[in-house]
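**Q** I would like to see how this sequence folds:
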Amino acid sequence: MATVACEYKPGLEGIPASQSGISYVDGGKGLLEYRGISITELAEKSNFIETAYLLIWGKLPTQDELAEFEAEIRHHRRIKYRIRDMMKCFPETGHPMDALQASAAALGLFYSRRALDDPQYIRDAVIRLIAKVPTMVAAFKLMRKGHDPIQPRDDLDYATNFLYMLTEEVPDPIAARVFDASMILHAEHTMNASTFSARVTASTLTDPYAVVASAVGTLAGPLHGGANEEVLVMLEEIGTVENVVPYIEDCITNKKKIMGFGHRVYKVKDPRAKILQDAAQQLFKQRGRDRYYDIAVEVEKVVEDKLAHKGIYANVDFYSGLVYRKLGIPTDLFTPIFAMARVAGWLAHWKEQLGENRIFRPTQVYVGDHETQFMPIDQR
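**A** Below is the predicted model:
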């Protein structure tokens, strides 16, 4: 049988994997839209729960729809004690992303019926995952230090409640609003690696908890969600504004990756980075300037001077870590918080995949041998 010739592109770069109406990116213009609405407008005028509804159900909710959706999420924030007991057994040195992946998968033991043709099952799964993932992230943060988790409060909104569960202190409105906006910015971003993972898993018609667990595992890699942790490591390594130029020049000369810069799609500054930089400045006015912010600004300036001609600019990860640290969030929770937000996008793609499902089965370009003879073990 003749082999069908096909073009191989590492990482499937530029190859469409699906049709989608969820989000849109124009990398040349620095444009990101959710369901046709600019991310800048959503970050300014919406909130995370409303944006999640928009992504998953394809339209902005009415006042009654939003009130019902938010009430259901508040009601389902608590996690079963068996999941808490399981999390207490996780090693205290384990990364929170590994804890989140295991915990998200465990939800399927309690709630999975795989009734994917039942609209109520789909809605219940959406609500449980959006509601419980933040609780699991906050719980592991405390339990790994030997403390009992802080129970969620039904009287607090999404962002305020999460920050409360981390510290048992109700945050001020500016901090909560900045955190909520960061959730909107991270909620969805077309066919990235974790979303592709989610859609491949969804195409097998497994349960949505396995879909999210699969996506969490993909997001954990330093080339995807883990980059914001590495940005702070880089800024700490640079140490002073005076060290920025030699550090960046060394990276360029030795072809080292500059964390927080460059994007497979954007060839201008990531629009989410612009919004997060503004958010950081809001926090600094209230809570004091972060000592690494000036270094970050200088890094961005130097990188643009030297690499803008290659389309390398700051991406969403560059300023998000500074925002989260100013909110008092530990560095190794940065990526789990990314996952908290991206659950909305993953679920939107899960639901869209179910609409016209076809299991993913890509081909490959075989480069191995043929007609190799088997050699008995005593002759090897």
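**Q** what residue ranges in the stretch 201-350 of the chain score low on pLDDT?
**A** For the stretch 201-350 of the chain, no stretch has pLDDT under 70.
**Q** all helices of it, in order?
**A** Along the stretch 201-350 of the chain, counting by DSSP state H, counting those that start in this stretch, helices occupy 208-219, 227-238, 244-253, 271-287, 293-307, 317-326, 334-355.
**Q** now the stretch 51-200 of the chain
**A** Counting by DSSP H, counting those that start in this stretch, the helices of the stretch 51-200 of the chain are 63-75, 81-88, 96-111, 119-143, 158-167, 173-186, 193-202.
**Q** Among the ones you listed, which comes closest to residue 47?
**A** Closest approach to residue 47 among the helices of the stretch 51-200 of the chain (Cβ to Cβ): helix 173-186, 5.5 Å. The C-beta positions use only the backbone N, C-alpha and C, and glycine is treated the same way.
**Q** who touches the closest one?
**A** Outside helix 173-186, the residues that touch it by Cβ atoms under 8 Å, 6 or more residues apart in numbering are 39, 42-43, 46-48, 51, 157-160, 162-163, 171, 272, 275-276, 279, 282-283, 286-287, 316, 320, 323-324, 327, 337-338, 340-342.
**Q** hmm, 7 Å instead?
**A** Residues outside helix 173-186 that contact it (Cβ atoms under 7 Å, 6 or more residues apart in numbering) are 39, 42-43, 46-48, 51, 158-160, 163, 272, 275-276, 279, 282-283, 286, 316, 320, 323, 327, 338, 340-342.
**Q** relative to helix 158-167, how tilted is it?
**A** Between helix 173-186 and helix 158-167, the angle comes out at 110 degrees (axes from the mean of the first three to the mean of the last three Cα atoms, to 10 degrees).
**Q** Next, the angle from helix 173-186 to helix 227-238.
**A** Using the same axes, to 10 degrees: helix 173-186 against helix 227-238 is 120 degrees.
**Q** and the angle for helix 173-186 with helix 271-287?
**A** On the basis of the same axes, to 10 degrees, helix 173-186 is oriented at 170 degrees to helix 271-287.
**Q** Please tell me how far helix 173-186 is from the chain's geometric centre.
**A** Centroid separation for helix 173-186 versus its chain: 14 Å, with Cα atoms, centre = their mean, to the nearest Å.
**Q** what does stretch 72-85 give?
**A** 21 Å.
**Q** From the opening residue of that stretch to its closing one, how far?
**A** The straight-line separation of the ends of stretch 72-85 (Cα to Cα, to the nearest Å) is 25 Å.
**Q** tell me the mean pLDDT for that stretch?
**A** Averaging pLDDT along stretch 72-85 gives 96.
**Q** mind starting the numbering at 45 from now?
**A** I'll keep to 45 as the first residue from here, and by that count the last item is stretch 116-129.
**Q** list the buried ones in it?
**A** The neighbour-count check on stretch 116-129 (16 or more other Cβ atoms under 10 Å) flags 116-118, 120-121, 123, 127-128 as buried.
**Q** Of these, which is the nearest to residue 142?
**A** Of all the buried residues of stretch 116-129, residue 142 sits closest to residue 127, with 15.0 Å by Cβ to Cβ.
**Q** residues in contact with that closest one?
**A** By Cβ under 7 Å, 6+ apart, the contact set of residue 127 is 147, 150.
**Q** That one and residue 189: what is the separation?
**A** Using Cβ to Cβ, to the nearest Å, residue 127 is found at 18 Å from residue 189.
**Q** And for residue 245?
**A** As judged by Cβ to Cβ, residue 245 and residue 189 stand 32 Å apart.
**Q** Between the two, which has more neighbouring residues?
**A** The residue with more neighbours, out of residue 245 and residue 189, is residue 245; 23 against 8, by other Cβ atoms under 10 Å.
**Q** show me the residues around the more buried one that make contact.
**A** Residue 245 neighbours (Cβ under 7 Å, 6+ apart): 254-255, 258.
**Q** So how do I select the buried members of those in ChimeraX?
**A** Burial among the contacts of residue 245 is assessed by 16+ other Cβ under 10 Å; the matching ChimeraX selection reads:
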select :254,255,258
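**Q** Pipe the contacts of residue 245 into TSV and attach distance to residue 178 per row.
**A** Shown next, in TSV, are the contacts of residue 245 (distance: Cβ to Cβ, whole Å):
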residue	distance to residue 178
254	20
255	18
258	19
